[in-house]
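> Show me how the following folds:
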Amino acid sequence: MFGWSQEDAFARAIKHALKALKKRHLLEEGAHSPAFVALSRPILSHGSEWKEKAENLEVEIQHCYKAQSRLSEQLVVEVSESRALKALIQEKESLISKLQDELSQSREQCSVLTQSLDEKTKALELLLTEHKDLRAALETATAKANNLEAENKMLVDRWMLEKMKEAERVNEANALFEGEVNSHQGSSIQALAHQQVDGVVRQFEEGAEYYVESKIPTTPKFRIPAHEGGSSAILFEHNSTKLVSGGHDKAVKIWDTFSGSQIRTLYGCLGSVLDICITHDNKTVLAASSENNLYVWDISSGRVRHTLTGHMDKVCAVDASRVSSRNVVSAAYDRTIKVWDLQKGYCVNTLLFHSNCNALSFSMDGHTICSGHVDGNLRLWDIQTGRLLSEVAAHSVAVTSLSLSRNGNVILSSGRDNVHNLFDMRTLEICASLRGTGSRVASNWSRSCISPDGGYVAAGSSDGSVYIWSVSNSKIVSTLKEHTAPVLCCSWSNLGKPLATSDKNGNIRIWT
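The predicted structure follows:
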């Protein structure tokens, strides 16, 4: 509206100026016309003067026309500018309208956000109140926990005191028992000598009720997919055909080798099972784990009885005494061999050595152990004093397994040099050395075994074969080909048959 009123004012001003000029011109023409008439008649002598005035007036009229032309051009420019200003004003008015719409929307959003902020503020106040209440409850619970911890510490101290007293009573009873055993052993030496001659249990004498002559297995009776990821530990129960296996799936399983069916699974191990052993009464199973612990199960209930902790690296070997259900030894890659008391559930002695131990075996008397090490040596230890009794270089590289004969006079050692040696347990002198073309030990914990009658040795190979040697002539008498993966472990039942083998795929074969 402002633009139109200004343009009209300009137009009216220009028209008014033009009218004034025309009026002035007409007036001047009217004023001068009588003079021209008067001069044209009588006063011819003044013609030149009046002519000059007329010419001046004409010049002045021309100047007025030029001024009128300039004003007209200025009027055109002013009209054009007024139109541009009008378009600009319209654009500004539309922008103002748009901004007013945005302003109204922003006000609505601001109102919504203000309402949301009020709600959030109320929720925050509620949370702060709840936090304050929870903090007060936490302080109360912390105070209660501190009181319970103090009470628990007091109870533990009392329990440890009672346990120490109980240990003293047990030690006194053990001392009395050992005295009785020593006195009884003196009277039973002659009977034991009568039962064994040159380490062979006579079938017709007392104590040979489980003796069966071992036969060379030839046929795979069962093919059992036992474990996922491989099985490097299998062992028969004493004087039984029940087989216990451990695998990389952290499970320990018990099998009936008559039917090939699974009897029980023992759970609770948190790492791969690298070795297993069974107490001489067949009541307890122990597993050496890659998680630095030993796990002890009661076979009848299937429950974990103990978790033996103390090793600082993976436990790769374990064995139980053949005369006592309470003594166990274990070896780990922390360069230690530990002696455990299962009745008390803790370590009673630790043997240190510079070379890691891969395999362990108790002697028949339960007082000494034989250990096979990464440096290839066999070592004999007194478990009571921890003293190294003797040592022999058995292999050029690491020892992978040890297997004691049933009579306890011969021990079989296997090594990564693919040699299987038989040593006299009493002198650690070598009795026989077994080799075979194609026989390759598969890993640092490949377990070989000796038959119950001491006549044969079975060992697995990396090509999936199982080689059987005759001890009498040190020759291979059979090669069992059934596995499709490296064979990691062999175990022969004390009853003379069957033979069990396990491989890197977790499969078990039962041979008869």
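> make it CA atoms for all contacts and neighbour counts henceforth
Noted.
> just the helices in the chain please.
With DSSP state H, the ranges of helices along the chain come out as 2-40, 47-195.
> and the last one, what does it pack onto?
Using 3 or more C-alpha pairs under 8 Å, 6 or more residues apart in numbering; DSSP states H and E, the elements in contact with helix 47-195 are helix 2-40.
> tell me the mean pLDDT for the helix it packs on?
The pLDDT scores in helix 2-40 average 66.
> And stretch 479-488, by the same measure?
94.
> Next, the distance between the ends of that stretch.
15 Å (C-alpha to C-alpha, to the nearest Å).
> that older thread, the helices of the chain: lowest mean pLDDT?
helix 2-40 (a mean of 66).
> Enumerate every residue touching Lys51.
Lys51 makes no contacts at all, as judged by C-alpha atoms under 8 Å, 6 or more residues apart in numbering.
> And it, how close does it get to Tyr65?
Distance of Lys51 to Tyr65, computed by C-alpha to C-alpha: 21 Å.
> What of Glu180?
Distance from Glu180 to Tyr65, by C-alpha to C-alpha: 155 Å.
> do Asp503 as well
123 Å.
> For the two, indicate the residue with more neighbours.
Legend: neighbour count by other C-alpha atoms under 10 Å for Asp503 and Tyr65, higher for Asp503 (30 against 15).
> how about that one, what does it touch?
Gly230, Ser231, Ser232, Gly464, His483, Ala485, Pro486, Val487, Leu488, Cys489.
> Just among those, which is most surrounded?
Most neighbours among the contacts of Asp503, by other C-alpha under 10 Å: Val487, with 33 neighbours.
> Around Val397, count how many other residues there are.
For Val397, using other C-alpha under 10 Å, the count is 16.
> so what's it up against?
Val374, Asp375, Gly376, Gly415, Arg416, Asp417.
> could the residues you listed go into JSON lines alongside pLDDT and distance to Arg435?
What follows is the contacts of Val397, written out as JSON lines (pLDDT from 0 to 100; distance: C-alpha to C-alpha, whole Å):
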{"residue": "Val374", "pLDDT": "94", "distance to Arg435": "20"}
{"residue": "Asp375", "pLDDT": "94", "distance to Arg435": "20"}
{"residue": "Gly376", "pLDDT": "94", "distance to Arg435": "17"}
{"residue": "Gly415", "pLDDT": "95", "distance to Arg435": "11"}
{"residue": "Arg416", "pLDDT": "94", "distance to Arg435": "12"}
{"residue": "Asp417", "pLDDT": "93", "distance to Arg435": "10"}
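> now, which of those lie within strands?
Gly415 (DSSP state E).
> what about burial for the contacts of Val397, which qualify?
Burial by neighbour count, 16 or more other C-alpha atoms under 10 Å: within these this picks out Val374, Asp375, Gly376, Gly415, Arg416, Asp417.
> Can you tell me which of the residues you listed is nearest Thr218?
Nearest to Thr218 out of these is Gly415 (C-alpha to C-alpha; 25.2 Å).
> so what's the closest one closest to, chain neighbours aside?
Val399 (4.2 Å; C-alpha to C-alpha, 6 or more residues apart in numbering).
> Next: Ser300.
Lys283 (6.9 Å).
> residues touching that neighbour, list them.
Applying C-alpha under 8 Å, 6+ apart, the residues near Lys283 are Asp298, Ile299, Ser300.
> Which one (most neighbours) among the residues you listed?
Among the contacts of Lys283, the one with the most neighbours (other C-alpha under 10 Å) is Ile299, at 18 neighbours.
> That one contacts Thr279, correct?
No: the pair Ile299 and Thr279 fails to qualify as a contact (C-alpha atoms under 8 Å) at a distance of 10.5 Å.
> Now for these two: what residues contact both?
Common neighbours of Ile299 and Thr279 are listed as Val285 (criterion: C-alpha under 8 Å, 6+ apart).
> How far off centre is stretch 295-307?
Distance, stretch centre to chain centre, for stretch 295-307: 27 Å (C-alpha atoms, centre = their mean, to the nearest Å).
> circling back to that earlier point, if I look at the residue nearest to Gly415, how far off is Cys370?
Look at Val399 and Cys370: by C-alpha to C-alpha, they are 12 Å apart.
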